[in-house]
Each structure stands twice: as C-alpha cells, then as structure tokens.
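>>> sequence first, predicted model second:
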Amino acid sequence: AGLPPLVVSPDLLGGSSPRAPAKPAPAASPADAAQPAAGGRPAAKAAAPAPAATQGQAAKTPAPAPATAALPPGATEVRAQRIRGTRSVELLAEGDAELQRDDLLLSADKLTYRELEDEAHAEGNVRLRRGEDSMSGPEARLKLEERLGSFESPTYRIKRQSTAPVQPGETPREVAGGGSADVLYFEGENQYRLKNATWSTCEASDPDWYLKASDLHLDYDRELGTAQGASLVFQDVPMLWWPWAEFPLAGQRQSGFLAPTFGMSNKVGLDISVPYYWNIAPNYDATIAPRVMGRRGVQLATEFRYLTPTQAGEARVEYLPRDNVTGEERALGSFQHTQVITPSLFAAIDWNGVTDKEYFEDLSSRVSVASRANLVRKGTLTYAGSEWWNASALVQSYQTLSGGEPYRKLPQLLLNVNRGELIGGSAFAFRGEYVQFDHPDSNVAEGSRFTLHPQVSLPFERAGYYVTPKVGLHYTQYDLDRDLTGSSRSITRSVPIFSVDSGLFFERDTNLFGRDFLQTLEPRVFYVKTPFRDQTDIPVFDSSRYDFGLAQIFSENQYSGGDRIADANQVTAAVTTRLIDPESGGERLRATVGQRFYFDDQRVTLPGEEPRTGRRADVLGLFSGYVMPKTWLDSTLQYNPRDNWTERFNAGVRYQPDFAKAVNLSYRYSRGRLADESDKIQDLALSGQWPLGGGWYGVGRVTRSLKEDRITEAIAGIEYDGGCWVVRTAVHRFATDPNDVTQAVFVQLELNDLASVGTSPVNLLKRSVAGYGKINDPVSDRVFGAE
Amino acid sequence: CGFQLRGPRPLAFATIHVGVSAQGEFGAALRRRIRTSGTTEIVDDPAKAEVKLEILRNQPEREILTLTGAGKVREYELRHVLTFRLVDRAGNERIRPTTISAKREYTYDDSQVLAKEQEEALLYRDMQGDLVDQLMRRLAAVKP
Amino acid sequence: ERADRDQPVNIEANRVTVDDRNKVHVFEGDVVLTQGTLVIKGAKLVVTQGPDGFQSGVATGSEKRLATFRQKREGSTEYVEGEAERIEYDSRAERARLFNQAHVKSGADEVRGHYIEYDSLSENYLVTNQPGKTETRAAGDGRVRAVIQPKNSGTEKTH
C-alpha cells in the first residue's frame, strides 16, 4: 500500500503566505522566497551544486576528529573505505580497514566484525598492534574482549618491561622478543601458544640467533616461555636441543636449563658443564651443574641460595666421585650464612673446606680461586648495642692448603666502645678482647690473651683545623699453656700510649689547565709517644709489621694485631693537596707527601726483625688524578733516605676515552726485605680493551715479571657484538708455581636477555682489565669508570 | 699565595635522611660528619626529610694485584665503590647517581693471614673515612 | 518504526510551490516533515509522488545546518538519527540515502562517511567514501567510520 495521500496544511497553499501563527514566524530570508522553485527539478541535479558547498563547509567544520582519542572504553571503532553492516549483528569493512578497541588496533584489507560473538576476522596483510607489541600476517581471527583466536603464519614482536628489581634512579629494562610461526593462538590476555615457532630478542627480521620450537607457549603473566622440542639456532646452525626448556621472557632468571659452558684447560682438559637453574621460590633457588672434564671425569656442582627477611645464605658442594688422574674422590664444601636474630644481634657463619691441598690448583681454572692458600672457617655473633658500642664473639680456624698453618681463635670475644661528646668535648674509646689461640703443631706457642685498651681523647675540631690529643693504656695478660720454650707461664704487659693528631685545611680558588678548581692544602702532623716494653718473650699470634702506607703511618702502633706494641717517640708529617671541581665537589686530583721522624732507635721487634736505627723513616709520595682528559694516573713512591734507594714505586696510567675503550699501563716495583730477593717485585702490566671496528673488540692483559724475566699472567680475548648477541673467547695463562702454568680457554656465546653459553670470562676480564666494559650491558647500568 | 683557612660550609638543606645503617662504621662516621658540619639534622623518617641520600651501590672489593712466582697472592688491592644520589621530597635528583671510590694496596702473605686481616680492617676504615670526605664535599656542593 | 507508514505526513515550511503535473511539492525554509515517529528537517524539501502513488523526499541542508532525519527503531525505545547535506528518503523501501558529511546514529552506535545508505526495515547500512573518486588523505583520511558501543553494558539489558 502506498504512502497515504499527502495532506498539506491549507495555510501553506497559495504561495508565500506566512506560516501558521502557532509557529513563530522565522525571519524568512527574502532570498529564499525570491527563488522560484520552477517545476520539480529532478533530485539528482539538486545535488550537483551541493558538493562544492560541502567542500567549503568541510573546510569550515573540520571532518570529525579521528575518534581514536575520544573512544569510550570498550567501544569499537571501524574505519575503512567502505563499510556494510547490519546494526548490532555484523559489519564488513573493506579497503584499508582498521578496527580499534581500547589500546588494540587491528588493520587489514578486509575486516568482518560479528558483534554478537565480539569476534573480528581480518584478511589480507593483517596487522595487530597493542602498545608496542605487534603481529602481522595474512589472516587472523580474534575475540577482542576474551583475547581468544588465532593468527595465521604471523611474525610477532612482544615487548615487556623486565620486572627484575632495579636500583632507585634507574629505569627498568625493556626486553623485546619476537619471531614467526605457522600459527599463533591467542589463549587469553598475555597468553600465546605458537606452533613451529621461532623466538629471539634480535630486532632484525632474520635474527642471528633464535629459539626454534615445535610448540612454544609464551606466558607473559609469569614472563615465562616454555618450548617443546626446542633447538637454539645460531647463524642458521642448530647448536643445542632440549626436549623441553623454559626461558625468561623479560630477561630475569627463570627455572630451566642455563646455557652450557665450554672451556679448555691444561689441568682438566675439555671442560663442559650444563647448569640447571631451579627457581624453587622467590627467595630460594638452586643451581645444579654436572661438569664433564676431559681428563678428570664427571663432577657434580650444586649451589643453593636462600634469602629471607632475617636470614641469607649460600651453600655450594662440588663432588667428583673419581678423579681419573689421581684416582681419588675429591670434593669441596662451602657454606655462608648471615642471620639477623634481633635488630641488634647478628650471626654469621663462613665455612669452606676441600678434600685435598691441590684441589683448586687441579680443578679450578680461575686464578682468584686457584691462588687461595687458606680456607677460612669462621662463626661470629655480633651485638650492636647502639651507635657507640658493640660486642662480638668469634670462633675461627683455617684449612691450610700450602705454607704454614695460622693460629685458630677458639674463641675471640671483643668489646668496642666509641663515645664522643662527653664532658668537656672529650671522647672515650675502649677495646676489650679475650682470645684463646690454638695450634695443632705442638712445638708452637699456645694460650690465651686478655687485652684492655681504654683511650681518652680531647678532639678540638673546627672547619679549618683540628687538634686531637689522646692518652691510652694498653694492658695485656697472656696465660700461655706453651710459651716459646714449651713451658706454661703468664706474661703481663701494660703500655701507656700518648698521641697528638693535628691538621689544618687551607683552600683557595685557582685556575689550572684552563679550568676553575678549588685547591686545598692539608698539612697534618701526628706525634706518638709509647715507652719501650720488653716483649721478646711474647709469642707472635697475630702480629706482623704494617706496610708503609699512608693509613698505616698515621696509626699509633707499627704492628698489626696485639702481640707487639712498638716503642715510639716519633712524628709523622704529611701534606695533601687536592683539586676539587667547585660545581660537583668531585675530586679531580690528589697529591700527598709524608715522612716520619724518629727521636729514638727502634727497640721492640718481631723475631728476626732488624731494628731500625736511622732518624728518618721512608718518604711516602702519592699522586693520583686526571692528569689529562680521560686519563687517570695513580702512583705511589716510597723512598728510603737512609740507604738512598727506592723501597717501593708503583705507577699506573689508565686512558679511557669511552665505554669499552680503555688502555692501562702499570709498573710495580717493590724492593722487598729478604736478602734472597724472593719477595722482590718488578712487574710491568699492560691491559686494555679497544674496539677493532665492525663490532669487534680486542681485550688483553700481559703481566711480565721483570725479575723473573717471564710472563706471569697473560689474557688474550676477542669479542664480537652482533647486536643482540655477543661471542667472547679468551685464553688465560697464569703461573701456579715457578715452573707450572695453568692455561685455560673460555668460549662464551651470550644471547642478550636469554642465556650465556660458555664459561664466562667476564669476571676475569673485569678483574684484570681496569675500565673493562661489558659491551652488551644494557646502557642503563654501564659503569663508566669512577668519575 | 691565596690560601685561607677553610670556613664552615653548612649544607644547603635543614633535614636529611641517610640511607645507610647507623650500626655500620661508614654510616656512623657519615652521621657524625653531617652533625658537625653545621645545622643539618638527620631524620630517621624519610618522609619528613627535606632530602634523601640514597646509596645505590656500596661494594667493598678485594682483587689480586700481583702473584708470587708460586702463583700465590703477593699484593691485594682493596676497592670500595660507592654509588649514591640525593633526591629531594619532590623527587627530583639534587645529585645525579654518582660513583665515588677509594683504593688501597697492601702486600699479602699467607703465613700471616691473621695479621693481614687486621691490616685489611685498618685500610677499610681508612677508605671509609676517605669516602665520607668525598661524600661531604659533594653534599656541600649542592646549591639551595 | 513500521507503523509510521500508515501515519499522515505533515509538513511545515515557510513556503511551498506545487507542480501538480509532475506531482512535485517543493517546501522551503525550516521545513519539518513528520510522519508518525519519522521526522525530517531541512532548509529545503522536495517531495515527489511516485507513479504508484508513493512518496519520496529529498531534504537538503543550508550553509549553517545539515538536513536531519529521525525515526524510532522497530521494537526498541531507541531512535535512529541521521544528518547530511542531502537526504533522500524513499518511504516505500523505507530507505534513506545520505550524501556528504553523512552521519547516522542508531542507539549508541553510529556510522559516519561520505555516503550512507540506511535501510530501516532490515537495519542494514552501507557507508562508502566519495564513490569512484580517490579521496586525497584529508584530515579524516577520507575513510568512513563506524562506532559500535559495547552491547553487554548493563543499561542495554533492561528494556
């Protein structure tokens, strides 16, 4: 049936009669009226002029602003060349189609969105972007809210912030992982499952290394990747294969196989270990590493760490059932534990032991370990009374691998008091000690020592100067079960010690090398008066002569420990000047010259020590600072004016213009005290790290003993930075005894944020090459040398 | 020659929270120096402090310097590296993360391990004094 | 709403000129056509009587205001509203065609583009760009838009 006949209100007929009074007569624009609508122009033509108007109009009222910003949460906006749809049922968008929902943007040639199932189906160069994650491929199907669906042969990249704890002031690192797959299934927010997929942290589209897996599950809630039938492919060479492996998605440690380490050394032969890291709980973890040694056999090394609010500790056990070379069973045990019992009562245990003396020399290829002669076994209990006093009890012994065995302290009780701002500005310090020295060797002295050492000082400190007179009494009582002659006796010694420490601080603004500096001049004078006490009968438990260093020459006693209180009537004087950057307060350069003047001959000596007779001690000169931009010089000179020779001279120059670019040259000379010059040192060491161009870095260190005219330590290393991976190889030779050398090779392939394969020479390089920069350290925590 | 006696240089903030325990020697020595440097008061509650001294890295290290012919340690180098920053209540960094360090060398002899332990302790205390000096100069350089 | 088809059509305007031979009425000046819940407004409305007695109207907007149409949706309290520079309404097919700056809002959902065809019976719509001509990437990058509000929100379920 047609439209009912058109009813035209009568008042309208007959031309330009004004509108019905009911409606306020609009200001009828006369122009309109004048335009006679002659005859019915076909509608289409009427449209013709309109577009021009729209264009003009469009300019005035800008096209609707892209709604992305103003889109209410949960709303879906579709943009395309053409959209066809049925309201609240379905919508088909074609031609440069885009679907936006909250922070998710799906674009494709053709997009179908079924509203009831809230599912979008995209076909033709599909791209899915959400924040910085992106996926692209030929076809995808996704339920937007539930994040369920699939993506056909996608390439994907997902970036997350690492949740590893980070220092305040540092930005958390971002780790991006991606790759391609036959199909990717969306299994909920942050959950993806991929078939025949690759995963890598390399940015490039064809990554240098990737993890290939038949089934890959990416769980970004727990930031854990799980791969079945996984193989690591490096430069298209499959290197490792795991039936099942877990790996971190945001760079932090996860349970799972760590990358195996490769090494070679003349002591153990081929050296492969495959560590498994077990993240038992947030504060418990363990590393179990079977280690295959070509010449020695299979060893199992396990390490267990724990951290609770009140306790922290680490236990390490290495067990080698049968050493093919020696035929013995060899093992190592090491246990460190610290505990806060109450806010002021702390306990600590440090126990180390090995089955035989050559354990480290034979089985360890790291010099810091192989050179250990005494393994400490110590238990301490410390009570921190308050800011000004604390007490501690300690039990300590050693397993000695080479040389003489030190005394055992079974136990040592200590009380320290340090109270300032007392009457008249005075300060009181007290050190009380009771220690029982024990030794397995029966013809060596043994017994207990009880010491009381009160001191009163009157510190007079102002900004520009200080004077601190101090008086102390050092009382000691020995109850020896065996003295030097083997008989038991008791010896007491009480020595008053008087000292005055004083110093001035001068400053001036100056301009050197074209820069403004605040220069200081700090003279210091330190007088000590300690009367002579005969101590020849006192056995030496824990005393030896201090080195002649700046800190040591300004201490009251020349001997460490408590068995010798040096007689003293001497003045030590030194003057230090510093150049300080006025802006930051940083110290650019420091020079010190000091000497001691004796007024008496030396009378207290250690057994076998030559007493000094001269009036002037050695002169000590120190100089360190930035002598040139990026160049740090550090040198020490100890000159003996009596015999007119140099006792010790060290000088080291480090030129470090940039990160991972450093050259160090150091010369160390020490005359030594023994006639046979066995303790003489004359070493020249050159070390450095320098980019060789094209991502290659050379690292090296050579230490030549001029005395023995041979190289005592040499490291040569090459590093290549492949963008998202680094390969490092280093050869390390160091002397383990006059005619035996340990030579070890380290090979390490480090895949950024995934794992490092191979024995890590990084600690070694950091120790031996000052200024060494780990080239794939994330920029945020690169330590660019001190100031 | 232009040198004058150093005058007192109070710090540019009234209250400071020191992010290192008072029990340790370093913490105690730093607090003493701040108290005697002028009017600045040490506050235990970080919220009440005008500025917070945050210690980002406080790492004593011991490295082998030279080896004897027999491969045993002949000289050790002690290093104490301290990275810190100063943040005010509004959160902006009055001192960017800065690293200061102190180094001491000493000869070592395995047969005198007990004695060398005490010498090591003496050197650590001396290095901490050095770090406190450097830190105080840095704090004094902060403009109000 | 379907019932609108049987309602009388009431048109108000400032002027009307009638061309009986072609059965064309041209209304001008604040034209308002109402038929049941259907309301069409515009600066000018050309109503043509089809050969089989059917009506179709072409409303065009003015410089300042676009032509608009508004109609209640079948079986819902919601309304469909549309605006464009020119709206062609075919009451027999109950189909509206909107040209230039076309914008149709149906409940909370809306579409926007250069040309919109909306069939109120089936509630199908087609939104295209300038047919044929390749649009330069103007500010709105020349593409059409559709915004669909979440339907599972609470209010929707009550009616």
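Thanks, I have the structure now. Residues are numbered from 1 along each chain as shown, chains lettered A, B, ... in the order given.

>>> tell me which element residue 84 is part of?
Because you didn't say which chain, this covers chain A. Using DSSP states H and E, A:Arg84 falls within strand A:82-86.

>>> not what I meant, chain B
Counting by DSSP H and E, B:Phe84 is part of strand B:73-88.

>>> quick one: A:Asp350 and A:Ala315, what's the gap?
A:Asp350 sits 12 Å away from A:Ala315 when distances are taken as Cβ to Cβ, to the nearest Å. Placement of C-beta: from N, CA and C, glycine included.

>>> one step back: tell me the strands beside the strand holding B:Phe84, with direction?
strand B:51-67 (antiparallel), strand B:93-107 (antiparallel) (DSSP bridges).

>>> including mean neighbour count, could the ones you listed go into TSV?
Output for the strands paired with strand B:73-88, formatted as TSV (neighbours: other Cβ atoms under 10 Å in any protein chain shown):
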stretch	mean neighbour count
strand B:51-67	18
strand B:93-107	18
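
>>> weakest of the ones you listed by average pLDDT?
Per-stretch mean pLDDT for those is lowest at strand B:51-67 (a mean of 85).

>>> gap between the closest residue to chain B within the stretch 301-450 of chain A and B:Ser111?
Nearest residue of the stretch 301-450 of chain A to chain B, counting by Cβ to the nearest Cβ: A:Ala373, 3.9 Å away. As judged by Cβ to Cβ, A:Ala373 and B:Ser111 stand 9 Å apart.

>>> joint contacts of those two?
The overlap between the contact sets of A:Ala373 and B:Ser111 (Cβ atoms under 8 Å, 6 or more residues apart in numbering or on different chains) consists of A:Gly403.

>>> tell me which of these two has more neighbours.
A:Ala373 (23 against 16; other Cβ atoms under 10 Å in any protein chain shown).

>>> report the contact partners of that one.
Counted by Cβ under 8 Å, 6+ apart, A:Ala373 has contacts A:400-403, B:72-73, B:110.

>>> which of the residues you listed fall within strands?
Taking DSSP state E, the ones among the contacts of A:Ala373 that sit in strands are A:400, B:73.

>>> now the buried members of the contacts of A:Ala373.
Buried subset of those (neighbour count, 16 or more other Cβ atoms under 10 Å in any protein chain shown): A:400-402, B:72-73, B:110.

>>> if we go by neighbour counts, what in stretch C:115-125 is buried?
C:115-120, C:123-125.

>>> before we move on, the earlier item: between A:Asp350 and A:Ala315, which contacts overlap?
In contact with both A:Asp350 and A:Ala315: A:335-336, using Cβ under 8 Å, 6+ apart.

>>> helices along the stretch 451-600 of chain A, start to end?
Under the criterion DSSP state H, counting those that start in this stretch, the stretch 451-600 of chain A contains helices at A:550-553.

>>> how about A:His337, nearest residue that isn't a chain neighbour?
In this structure, A:His337 finds its nearest non-sequential neighbour in A:Gly313, 3.7 Å apart by Cβ to Cβ, 6 or more residues apart in numbering or on different chains.

>>> from chain C, how far off is that neighbour?
According to Cβ to the nearest Cβ, to the nearest Å, A:Gly313 and chain C sit 53 Å apart.

>>> specify the beta-bridge partners of that residue.
A:Tyr306, A:His337.

>>> wait, it sits on A:Thr338?
Yes: contact status for A:Gly313 versus A:Thr338: in contact at 6.7 Å, counting by Cβ atoms under 8 Å.

>>> picking that back up, ok, the residue nearest to A:His337 - contacts?
A:305-306, A:335-338, A:349.

>>> quick one, helices of chain C?
Assigned by DSSP state H, the helices in chain C fall at C:154-158.

>>> and the residue of chain C that's closest to chain A?
Relative to chain A, the nearest point of chain C is C:Val24 (2.7 Å; Cβ to the nearest Cβ).

>>> am I right that that residue is in contact with C:Thr48?
Yes: under the criterion of Cβ under 8 Å, C:Val24 makes contact with C:Thr48 at 5.1 Å.

>>> what's near enough to touch A:Leu414?
A:Leu414 neighbours (Cβ under 8 Å, 6+ apart): A:391-394, A:431-433.

>>> that one and A:Asp350: what is the separation?
Applying Cβ to Cβ, the value for A:Leu414 to A:Asp350 is 17 Å.

>>> before we move on, the earlier item: and of the buried ones among the contacts of A:Ala373, the nearest to A:Gly722?
B:Val73 (37.1 Å; Cβ to Cβ).

>>> where are the low-confidence patches of the chain?
No chain was given, so I picked chain A. Along chain A, the parts satisfying pLDDT under 70 run over A:1-70, A:162-171, A:251-260, A:365-370, A:736-737, A:755-787.

>>> if you could check chain C rather than the one you did, that'd help
C:1-2, C:52-54, C:130-141, C:151-159.

>>> of all of it, which residue lies closest to chain B?
C:Pro150 (38.0 Å).

>>> tell me how far that residue lies from A:Pro72.
As judged by Cβ to Cβ, C:Pro150 and A:Pro72 stand 9 Å apart.

>>> tell me the bridge partners for A:Ser624.
A:Arg590, A:Asp634.

>>> mind checking how far it is from A:Ala651?
Noted for A:Ser624: a distance of 10 Å to A:Ala651, by Cβ to Cβ.

>>> which residues are common contacts for the two?
A:633-635.

>>> nearest to chain C, out of the residues you listed: which one, please.
A:Leu633 (62.6 Å).

>>> and that closest one, how far is that from chain B?
According to Cβ to the nearest Cβ, A:Leu633 and chain B sit 13 Å apart.

>>> which residue sits closest to that residue, ignoring its sequence neighbours?
With sequence-adjacent residues excluded and distances taken as Cβ to Cβ, 6+ apart, A:Leu633 is closest to A:Val627, at 4.6 Å.

>>> apart from its neighbours in sequence, what residue is nearest A:Pro411?
Nearest one to A:Pro411, counting by Cβ to Cβ, 6+ apart, is A:Val395 at 4.9 Å.

>>> direction included, what does the helix or strand containing the one you found pair up with?
Here A:Val395 sits within strand A:389-400, counting by DSSP H and E. Here strand A:389-400 is paired, per DSSP bridges, with strand A:374-386 (antiparallel), strand A:408-419 (antiparallel).

>>> from the chain's centre, how far out does it sit?
Remark: strand A:389-400 is offset 30 Å from the chain centroid, using Cα atoms, centre = their mean, to the nearest Å.

>>> got it, and stretch A:112-131?
In terms of Cα atoms, centre = their mean, the centre of stretch A:112-131 is found 44 Å from the chain centre.

>>> tell me which residues are up against that stretch.
A:76, A:78, A:88-93, A:97, A:99, A:103-111, A:134-146, A:149, A:151, A:159, C:148, C:151.

>>> among the buried residues of stretch C:115-125, which ones are in strands?
Short answer: the buried residues of stretch C:115-125 in strands (DSSP E) are C:115-119, C:124-125.

>>> list the buried residues for the strand holding A:Arg84?
For strand A:82-86, by 16+ other Cβ under 10 Å, it's A:82-85.

>>> and of those residues, the nearest to A:Arg578?
Distances from A:Arg578 to the buried residues of strand A:82-86, taken by Cβ to Cβ, are shortest for A:Ile83, at 74.8 Å.

>>> got a list of what the closest one touches?
Contacts of A:Ile83 by Cβ under 8 Å, 6+ apart are A:91-94, C:111, C:113, C:125-128, C:144-146.

>>> looking at those residues, spot the one nearest A:Thr592.
Nearest to A:Thr592, judged by Cβ to Cβ, of those is C:Arg145 at 76.1 Å.

>>> thinking the closest one is in contact with A:Thr76, fair?
No: here C:Arg145 lies out of contact with A:Thr76, judged by Cβ under 8 Å, at a distance of 10.9 Å.

>>> do you know how far the closest residue to A:Val540 other than its chain neighbours is from A:Tyr626?
Using Cβ to Cβ, 6+ apart and skipping residues adjacent in sequence, the residue nearest A:Val540 is A:Asp563, 5.0 Å away. Distance check for A:Asp563 against A:Tyr626: by Cβ to Cβ, it reads 43 Å.
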